[in-house]
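A.B. asks: 3D model of this:
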Amino acid sequence: MAKLIEAAHGEVRVHDAAAACGAAGEGSIAAGPGPRFGGRERLLLRAMFDAAIAAAQPALCVPPHLPPAPQGRTIVIGAGKASAAMAQAVERNWPGPLEGLVVTRYGYAVPCERIDIAEAAHPVPDEAGHRAAQRMLELVQGLGRDDLVICLISGGGSALLPLPAPGITMAEKQAVNQALLASGATISEMNCVRRHISAIKGGRLAAACAPARVVTLLISDVPGDDPIDIASGPTAPDPTTCADALAILSRYGIAAPDSVLALLRSGEGETVKPGDQRLAASELHLAVTPRMALQAAAQVARQAGVRCHLLGDGLEGEARDVGKVMGGIARSTARHGEPFEKPCILLSGGETTVTLRGKGRGGRNVEFLLALGVALEGQEGVYALAGDTDGVDGVEEIAGAILAPDTLARAAELGLRPRLSLDENDGHGFFQALGDSVVTGPTLTNVNDFRAILIT
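C.D. replies: As a prediction, the model looks like this:
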């Protein structure tokens with residue numbers, strides 16, 4: 001059975017955070033119309049966000065987990081938004097020959113000399129990802145016991161390795177993926193379905209490498225850090241079943257193509273299970289987790305002299321519901337000093353969901369932030385930043401946004417109606433009009449969502 005090994009790495013110094021983030025992509029908060037205040041508060045929140053991203057940079061977290069060189073060949077494979085940067089970190093720290101292929105999101109490639117970098121679409125798969133997945137399976141054929149496969153997996157790998165199971169077309173797989181994204185299903189539920197209609201996920205990639213040793217380095221972007229849910233677990237054994245996948249499709253009313261239903265009902269889409277001997281030489285290492293990134297952000301707050309309460313790295317649920325609840329807690333803290341004493345920061349991570357009902361541009365972090373703003377009703381002394389650590393919230397090249405006590409007042413001056421924007425799932429349109437979008441560019445990592453509420 002595959003082994004799960006977690007080891008912490010060194011702390012990130014606060015003064016290095018901005019530089020590390022800037023190396024991945026220049027960040028900014030766009031200047032918007034109307035009066036602006038809270039400059040120090042905004043800078044603190046952004047410094048925390050940058051520190052979280054910096055702590056999860058592959059150059060920092062990959063090298064400590066590299067295994068010794070084997071007697072045979074070394075093959076590097078992988079997928080995810082951080083996979084190209086992870087491959088570069090392997091190349092720069094590997095003592096011997098190696099070769100390989102990883103696939104990352106368009107715009108997330110970095111230069112590598114010996115490892116091929118393919119780019120493909122995310123979150124909806126495309127033909128480039130399909131070709132890369134086929135090449136990857138071909139690359140690991142015929143390996144022996146003296147060979148080593150280093151597999152680099154990070155968030156986004158599910159869409160970037162879209163190899164449909166036999167009998168399912170690429171178009172059908174894309175349709176199921178789009179329906180799941182719009183349904184409000186959790187990431188765990190979405191990945192369960194994806195694994196069972198795939199020819200490469202759910203442990204199948206590791207099984208294809210047997211009998212070679214497989215060492216998988218994971219950058220987690222999922223609540224709970226379960227390897228089977230990181231990129232749908234291409235090298236992890238999967239305890240879930242085709243029946244589970246069918247139940248999820250039914251629960252969310254997803255009308256899957258007949259080919260998908262036939263595969264799941266027949267059981268032919270079953271994944272590689274725990275105890276499978278093909279995974280006997282497979283290891284899984286968590287190189288960095290959302291909790292590690294949040295701890296780096298909390299260190300920034302502490303050095304600024306502000307108490308930071310970490311509420312967890314696995315918050316899930318509808319983004320607007322989480323925003324409403326957090327708004328109630330923030331208002332009580334601001335007005336009564338309960339349940340937390342101010343000044344303080346409420347910090348959390350995880351992955352919320354958005355059930356698309358309107359015609360807006362989506363984005364779970366801006367939806368959370370918009371719901372938070374509606375609940376706060378301009379509460380004095382409360383600021384917040386919510387963003388995705390990969391630099392992309394939903395399908396937009398925008399990481400997230402920032403909220404201030406004057407946000408709703410400035411919105412009213414522009415004729416913006418926050419409740420209507422929320423109903424339309426248009427958080428990006430709302431905050432972009434105010435100039436409050438947070439734009440990082442490609443961060444070359446992905447440890448899920450970052451939410452910080454500062455109460456002064």
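A.B. asks: Tell me the helices and strands packed up against the helix or strand encompassing residue 412.
C.D. replies: Using DSSP states H and E, the element containing residue 412 is helix 407-413. If you count contacts as 3 or more Cβ pairs under 8 Å, 6 or more residues apart in numbering; DSSP states H and E, helix 407-413 packs onto helix 364-376, helix 427-434. C-beta coordinates here come from the backbone N, C-alpha and C atoms, glycine included.
A.B. asks: mind checking how far residue 325 is from residue 95?
C.D. replies: To residue 95, residue 325 is 51 Å away according to Cβ to Cβ, to the nearest Å.
A.B. asks: Can you pick out the residue with more neighbours from those two?
C.D. replies: residue 325 (15 against 9; other Cβ atoms under 10 Å).
A.B. asks: The more buried one in helix, strand or coil?
C.D. replies: Following DSSP: H, G, I helix; E, B strand; the rest coil, residue 325 is assigned to helix.
A.B. asks: So for it, what pLDDT did the model give?
C.D. replies: Confidence at residue 325, expressed as pLDDT, is 97.
A.B. asks: And residue 318, by the same measure?
C.D. replies: 94.
A.B. asks: List the contacts of it.
C.D. replies: Residues in contact with residue 318, defined by Cβ atoms under 8 Å, 6 or more residues apart in numbering, are 184, 352, 353, 354, 355.
A.B. asks: now swap in residue 236 and tell me
C.D. replies: 2, 202, 203, 206, 216, 227, 228, 230, 284.
A.B. asks: What subset of the residues you listed is buried?
C.D. replies: 2, 202, 203, 206, 216, 227, 228, 230, 284 (16 or more other Cβ atoms under 10 Å).
A.B. asks: Could you export those residues to a markdown table, including columns for pLDDT, distance to residue 241 and secondary structure?
C.D. replies: Converted to a markdown table, these look like this (pLDDT from 0 to 100; distance: Cβ to Cβ, whole Å; DSSP: H, G, I helix; E, B strand; the rest coil):
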| residue | pLDDT | distance to residue 241 | secondary structure |
| --- | --- | --- | --- |
| 2 | 42 | 18 | coil |
| 202 | 97 | 11 | coil |
| 203 | 98 | 13 | coil |
| 206 | 98 | 19 | helix |
| 216 | 98 | 23 | strand |
| 227 | 97 | 18 | helix |
| 228 | 96 | 12 | helix |
| 230 | 96 | 20 | coil |
| 284 | 98 | 21 | strand |
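A.B. asks: Which of these sits closest to residue 117?
C.D. replies: Lowest distance from residue 117 to the buried ones among the contacts of residue 236 (Cβ to Cβ) belongs to residue 216, with 18.5 Å.
A.B. asks: List the beta-bridge partners for that closest one.
C.D. replies: Here residue 216 sits in beta bridges with residue 151, residue 284, as judged by DSSP bridges.
A.B. asks: gap between it and residue 76?
C.D. replies: Distance, residue 216 to residue 76, using Cβ to Cβ: 11 Å.
A.B. asks: now residue 399
C.D. replies: 28 Å.
A.B. asks: same deal with residue 200?
C.D. replies: In terms of Cβ to Cβ, residue 200 sits 16 Å off from residue 76.
A.B. asks: Mutual contacts of residue 216 and residue 76, please.
C.D. replies: 150, 151, 152.
A.B. asks: Could you verify my assumption that the last one touches residue 83?
C.D. replies: This means residue 152. Yes: the criterion here is Cβ atoms under 8 Å, and residue 152 meets it with residue 83 at 4.9 Å.
A.B. asks: Name the residue in these two with the higher neighbour count.
C.D. replies: residue 83 (38 against 30).
A.B. asks: Which of the three states applies to residue 173?
C.D. replies: Residue 173 is classified as helix under three-state DSSP.
A.B. asks: whoops, I mixed them up, residue 405
C.D. replies: coil.
A.B. asks: Count the residues that sit near residue 307.
C.D. replies: 14.
A.B. asks: ok now do it, which residues does it touch?
C.D. replies: Residue 307 neighbours (Cβ under 8 Å, 6+ apart): 301, 340, 341, 343, 344, 345.
A.B. asks: Quick check: neighbours shared by residue 152 and residue 83?
C.D. replies: With Cβ under 8 Å, 6+ apart as the test, residue 152 and residue 83 both reach residue 102.
A.B. asks: Apart from its chain neighbours, what residue comes closest to residue 65?
C.D. replies: residue 285 (4.8 Å; Cβ to Cβ, 6 or more residues apart in numbering).
A.B. asks: and what of residue 223?
C.D. replies: In space, residue 223 is closest to residue 314, 3.3 Å off (Cβ to Cβ, 6+ apart).
A.B. asks: Also residue 89?
C.D. replies: With Cβ to Cβ, 6+ apart, the residue lying closest to residue 89 is residue 62, at 4.0 Å.
A.B. asks: Surely the one you found touches residue 286?
C.D. replies: No: using Cβ under 8 Å, residue 62 makes no contact with residue 286, being 11.8 Å away.
A.B. asks: Those two: which is more packed in?
C.D. replies: Neighbour comparison, residue 62 and residue 286: the larger count goes to residue 62, with 26 against 21 (by other Cβ under 10 Å).
A.B. asks: Distance of that one relative to residue 292?
C.D. replies: 13 Å.
A.B. asks: do the same with residue 395
C.D. replies: 27 Å.
A.B. asks: picking up where we left off before, now the buried ones among the contacts of residue 236 as a markdown table including distance to residue 276?
C.D. replies: Shown next, in a markdown table, are these (distance: Cβ to Cβ, whole Å):
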| residue | distance to residue 276 |
| --- | --- |
| 2 | 9 |
| 202 | 11 |
| 203 | 7 |
| 206 | 9 |
| 216 | 15 |
| 227 | 15 |
| 228 | 13 |
| 230 | 19 |
| 284 | 14 |
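A.B. asks: and which of those is nearest to residue 434?
C.D. replies: Residue 434 has its nearest neighbour among the buried ones among the contacts of residue 236 in residue 230, at 34.4 Å by Cβ to Cβ.
A.B. asks: Show the contacting residues for the closest one.
C.D. replies: Per Cβ under 8 Å, 6+ apart, neighbours of residue 230: 153, 154, 155, 157, 218, 219, 220, 221, 222, 236.
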